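[1] quick one: sequence and predicted model below, then my questions.
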Amino acid sequence: MKQTSLHSPLRLCAWMAYSIVVFASPQNLANTKNVADIEITLQSAIKHTLANSPQLHEFVFKQKAVAGEIQTASLKPVLNAGIELENVLGSGEVSGIKGAELTLTLSSVIEFGDKLGVRSEFAKSKSTVIETQKQLNTLDILAEVTRRYVDVLAQQALLDAQKEAETLARYTYQAVTKRVEAGASPAFEQKRASAALARARLDVLTAEQSKISLIKSLAIMWGEQTPRFTQVKGDLFNLPPSPH
């Protein structure tokens with residue numbers, strides 16, 4: 001009984017062709033074939049993040065709340081007014097309101113030890129703490145944006161290298177095919193070259209899908225669910241400085 005190895009050139013070529021059909025389906029390639037290349041720079045990514053990051057927006061509301069506390073803390077104790085009416089509706093010489101007595105009272109809490117200043121300084125210190133937390137979070141977020149940007153940039157370089165490898169594999173396959181047709185090389189050399197071309201094409205498709213995922217991961221930093229760009233612009237070995 002003859003056994004057929006799964007690693008034979010024919011079966012390997014067939015498996016590669018099947019994988020290419022799966023990865024190259026219209027749904028998977030819709031984002032890469034029908035969309036014009038739109039580039040985004042690192043500065044633009046950082047500006048989008050600073051303007052729209054949900055993690056930074058929460059500090060705006062915190063600062064507004066503390067501003068209200070500062071305003072309240074700077075107010076002096078409330079002055080309370082009271083009115084007291086006595087000897088109303090009496091009898092005899094003080095009948096009616098003839099003997100009525102009206103007393104007006106004003107009261108307030110007297111604070112010692114500059115409690116007003118202490119309250120104000122405490123509220124202001126809370127504002128300083130929130131601002132410091134915002135700056136620390138901003139640095140962390142900008143570092144994450146830069147990391148994801150570099151990941152996309154590196155994936156683009158890898159994709160370019162995979163495309164060059166595919167082009168070389170195609171030239172090799174064409175050359176081997178001509179030699180086989182001319183009888184200068186055995187037929188299995190053509191099958192081997194075909195399998196190498198299929199593998200190179202699969203590597204390109206895989207790299208394209210990884211690039212799409214990394215771009216979505218970058219765009220989500222500023223709340224963009226569907227990225228409006230397909231490329232990032234830059235040099236892996238010469239990245240521009242972050243804006244101050």
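    Structure received.
[2] strands along this structure, start to end?
    39-40, 80-86, 101-107, 231-232 (DSSP state E).
[3] and residue 224, its phi and psi?
    Dihedral pair for residue 224: phi -100, psi 110, per degrees, to the nearest 10.
[4] how about it, what does it touch?
    Counting by CB atoms under 8 Å, 6 or more residues apart in numbering, residue 224 makes contact with 48, 52. Bear in mind the C-beta positions are built from the backbone N, C-alpha and C, glycine included.
[5] distance of it from residue 50?
    Applying CB to CB, to the nearest Å, the value for residue 224 to residue 50 is 14 Å.
[6] helices or strands up against the helix ranked longest in the chain?
    Using DSSP state H to define each element, the chain has its longest helix at helix 115-181. The contact analysis (3 or more CB pairs under 8 Å, 6 or more residues apart in numbering; DSSP states H and E) places helix 115-181 against helix 42-52, helix 54-73, helix 187-219, strand 231-232.
[7] by mean pLDDT, show me the worst of these.
    Note on the helices and strands packed on helix 115-181: lowest mean pLDDT is at helix 54-73, with a mean of 69.
[8] backbone phi and psi for residue 226, please?
    Dihedral pair for residue 226: phi -110, psi 110, per degrees, to the nearest 10.
[9] next: the one 4 residues further on.
    The phi and psi torsions at residue 230 (degrees, to the nearest 10) take the values phi -120, psi -10.
[10] can you list the buried residues in stretch 194-207?
    194-205, 207 (16 or more other CB atoms under 10 Å).
[11] and for stretch 135-154?
    138, 141, 142, 145, 146, 148, 149, 150, 151, 152, 153.
[12] OK, contacts around the second one?
    Going by CB under 8 Å, 6+ apart, residue 141 touches 49, 53, 55, 56, 221.
[13] quick check: end-to-end length of stretch 176-192?
    9 Å (CA to CA, to the nearest Å).
[14] how many other residues sit next to residue 172?
    The tally of other residues near residue 172 (other CB atoms under 10 Å) stands at 16.
[15] so who does it touch?
    If you count contacts by CB under 8 Å, 6+ apart, residue 172 has them with 193, 196, 197.
[16] among the residues you listed, which one sits closest to residue 176?
    residue 193 (4.2 Å; CB to CB).
[17] low-confidence stretches in this protein?
    1-37, 59-63, 66-67, 69-82, 85-102, 104-119, 122, 239-244 (pLDDT under 70).
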